[in-house]
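1. the amino acid sequence is not available; the structure is as follows:
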């Protein structure tokens, strides 16, 4: 068999190598005779190389392999791209291993971890990412980034617990300046933080319970009902009542209402007492300025029409007087006046109404065409006629029981006159006495 060069020999495949590759070496130490060496021993030391020319590369791809630019570092080059591994010593017990993407021409390089099939990228231990670089991106382009600088100070970790999703397959994060609809939420907000804004206007809701402790109360929103005013034009709009604003209240039922002149502490109040009500009642207000009339207050009433007026004694409530206008003519309004002031000036004496049934004494009265009857129901009576009186006259009565004499015949016995009786013509016994005395 002819001699062939080593380069002319066939290359053995890796599968057919069953032993170790060895080479003869010359050892400079005279105490150690010539020895064989394994190839992996001989080639432990390699050139550090560069990114473009790795120290350890593949036969057919000389720019793909391993390299380093400094001690204790390692670069993995594949084509124009690669990864570079370094170590940073944070402390004696805390180190950081850096995996840096490199590229010979591109300034920006993405590192994409692509699991196969349904596999996933998993991390054991803590996965810490700066909030400046952790960005979520939608396939359509929008991106979001989380900012954690406002969660507190120090190195403590704040925990955000995801809520239980009882319906559907997902939920939505709530933003502080987005328009969103919240459902099935229990909001526990400190009273100093519950503020509603409208531009530069703010309304804050607070709890003022000086007497109530450790209690939860429910405040129900009323049914808006039917719209009855144009001030709030829709049935879905209503206004909260407060203690300062001037407002219109519709269709409300008040219990134990108190009216005060102001809201200062200690201000006297008036309470509307409805204890005596047994059914729904209506109080109608007249179309004018009025003052409420009290049962015990001293007040002046004007322009009042009273039906069924009953006057009652203040000491004995069983003593009552009812004024009746049953006998008044229809469609008429008569005026009853008291006498002039001078005629009422009787010193300390009170005036008394005169009634047809009571036995009373009348003083200083002038009667016009009086009729005197024996009884109220009598059909006959005596009318005192003064049509022939030309001046004030005085009629005196004798200090004894007597019967008035009239111009008509009246049978009366034993009448004695203290003076003479005169007349143009005398009749009866008076005439006889006239002729008798004429003879003397």
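-> Looks like it arrived, so ask away. This structure is a prediction, so every number in the text was calculated from the model and none was measured.
2. helices of this protein, start to end?
-> In the chain, the segments counted as helices under DSSP state H are 39-42, 341-344, 428-438.
3. any idea how far residue 97 is from residue 69?
-> Counting by C-beta to C-beta, to the nearest Å, the separation of residue 69 from residue 97 is 16 Å. Every C-beta, even on glycine, is put in place using the N, C-alpha and C of the backbone.
4. who's more crowded, these two?
-> Between residue 69 and residue 97, residue 69 has the larger neighbour count (other C-beta atoms under 10 Å), namely 13 against 8.
5. the stretch 251-400 of the chain: strands as residue ranges?
-> Along the stretch 251-400 of the chain, the stretches classed as strands by DSSP state E, counting those that start in this stretch are 258-260, 269-271, 310-312, 320-322, 371-372, 382-383.
6. strands paired with the third one, and their directions?
-> Partner strands and pairing direction for strand 310-312 (DSSP bridges) are strand 320-322 (antiparallel).
7. so which bits of the strand it pairs with are buried?
-> By 16 or more other C-beta atoms under 10 Å, strand 320-322 has no buried positions at all.
8. average pLDDT for that strand?
-> On average, the pLDDT along strand 320-322 is 94.
9. quick one on the thing from earlier: worst average pLDDT in the helices of the chain?
-> For the helices of the chain, the bottom mean pLDDT is recorded on helix 428-438, which sits at a mean of 57.
10. please name the bridge partners of residue 270.
-> Counting by DSSP bridges, residue 270 is bridged to residue 259.
11. so who does it touch?
-> By C-beta atoms under 8 Å, 6 or more residues apart in numbering, the residues touching residue 270 are 258, 259, 260.
12. ok, of those residues, which one's closest to residue 119?
-> residue 258 (75.0 Å; C-beta to C-beta).
13. surely that closest one touches residue 269?
-> Yes. Applying C-beta atoms under 8 Å as the test, residue 258 and residue 269 come out as touching, 4.3 Å apart.
14. how far away is the nearest residue to residue 385 once chain neighbours are set aside from residue 259?
-> Excluding the flanking residues, the one nearest residue 385 by C-beta to C-beta, 6 or more residues apart in numbering is residue 369, at 7.6 Å. Per C-beta to C-beta, residue 369 is found 58 Å from residue 259.
15. my guess is the residue nearest to residue 385 meets residue 384, correct?
-> Yes. Contact criterion C-beta under 8 Å: residue 369 and residue 384 qualify, at 7.4 Å.
16. where in the stretch 151-300 of the chain is pLDDT low?
-> Applying pLDDT under 70 to the stretch 151-300 of the chain picks out residues 224-236.
17. residues near residue 73, how many?
-> Using other C-beta under 10 Å, the number of residues around residue 73 comes to 14.
18. meant to ask about residue 220
-> Neighbours around residue 220, by other C-beta under 10 Å: 5.
19. quick check on it: phi, psi?
-> Taking degrees, to the nearest 10, you get phi -90, psi 140 for the backbone angles of residue 220.
20. what is the mean pLDDT for stretch 325-333?
-> Here the average pLDDT along stretch 325-333 is 93.
21. ends of it, what's the gap?
-> With C-alpha to C-alpha, to the nearest Å as the measure, stretch 325-333 spans 10 Å from end to end.
22. now stretch 124-133
-> 21 Å.
23. so how far is that stretch from its chain's centroid?
-> 47 Å (C-alpha atoms, centre = their mean, to the nearest Å).
24. so what touches it?
-> Contacts with stretch 124-133, where a contact means C-beta under 8 Å, 6+ apart, come from 145, 146, 147, 148, 149.
25. can I get those residues in CSV with neighbour count and pLDDT?
-> As requested, the contacts of stretch 124-133 are exported to CSV (neighbours: other C-beta atoms under 10 Å; pLDDT from 0 to 100):
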residue, neighbour count, pLDDT
145, 11, 92
146, 10, 89
147, 8, 89
148, 12, 89
149, 8, 86
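26. related to what we said a few turns ago, what's near enough to touch the residue nearest to residue 385?
-> The contact partners of residue 369, by C-beta under 8 Å, 6+ apart, come to 383, 384, 385.
27. ditto for residue 118
-> Applying C-beta under 8 Å, 6+ apart, no residues qualify as near residue 118.
28. and it, how far is that from residue 111?
-> Separation of residue 118 from residue 111 (C-beta to C-beta) stands at 22 Å.
29. just to revisit the earlier point, just give me the closest of the contacts of residue 369 to residue 337.
-> Nearest to residue 337 out of those is residue 384 (C-beta to C-beta; 25.0 Å).
30. apart from its chain neighbours, what residue comes closest to the closest one?
-> residue 370 is the one closest to residue 384 (C-beta to C-beta, 6+ apart), at 5.1 Å.
31. distance of residue 120 relative to residue 86?
-> 27 Å.
32. more crowded one of those two?
-> More crowded of residue 120 and residue 86, by other C-beta under 10 Å: residue 86, with 16 against 7.
33. the more buried one contacts residue 98, correct?
-> Yes. The criterion here is C-beta under 8 Å, and residue 86 meets it with residue 98 at 4.6 Å.
34. residues in contact with residue 308?
-> Residue 308 neighbours (C-beta under 8 Å, 6+ apart): residue 322.
35. reformat the strands of the stretch 251-400 of the chain as CSV; add distance to residue 132.
-> Formatted as CSV, the strands of the stretch 251-400 of the chain follow (distance: least, C-beta to C-beta, whole Å):
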stretch, distance to residue 132
strand 258-260, 60
strand 269-271, 63
strand 310-312, 91
strand 320-322, 94
strand 371-372, 120
strand 382-383, 124
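36. what's the spacing between residue 207 and residue 190?
-> Distance, residue 207 to residue 190, by C-beta to C-beta: 10 Å.
37. again but with residue 279, I slipped
-> Taking C-beta to C-beta, one finds residue 279 at 47 Å from residue 190.
38. these two: who's more crowded?
-> Legend: neighbour count by other C-beta under 10 Å for residue 279 and residue 190, higher for residue 190 (8 against 4).
39. for the stretch 1-150 of the chain, give me the ranges with low pLDDT.
-> 1-2, 4, 6, 14-15, 17-23, 39-46, 59-60.
40. wait, residue 191 touches residue 208, no?
-> No. Contact between residue 191 and residue 208 fails when scored by C-beta under 8 Å: they sit 9.0 Å apart.
41. comparing those two, which residue is more hemmed in?
-> Counted by other C-beta under 10 Å, residue 191 and residue 208 do not tie: residue 191 has more neighbours, with 11 against 6.
42. any idea what residue 371 is bridged to?
-> Residue 371 has these beta-bridge partners by DSSP bridges: residue 383.
43. residue 380 is in contact with that one, correct?
-> No. Counting by C-beta under 8 Å, residue 371 does not reach residue 380; the two are 9.8 Å apart.
44. which ones are touching residue 312?
-> 319, 320, 321.
45. circling back to that earlier point, residue 371 and residue 380: which is more packed in?
-> Comparing residue 371 with residue 380 by other C-beta under 10 Å, the one with more neighbours is residue 371, at 10 against 7.
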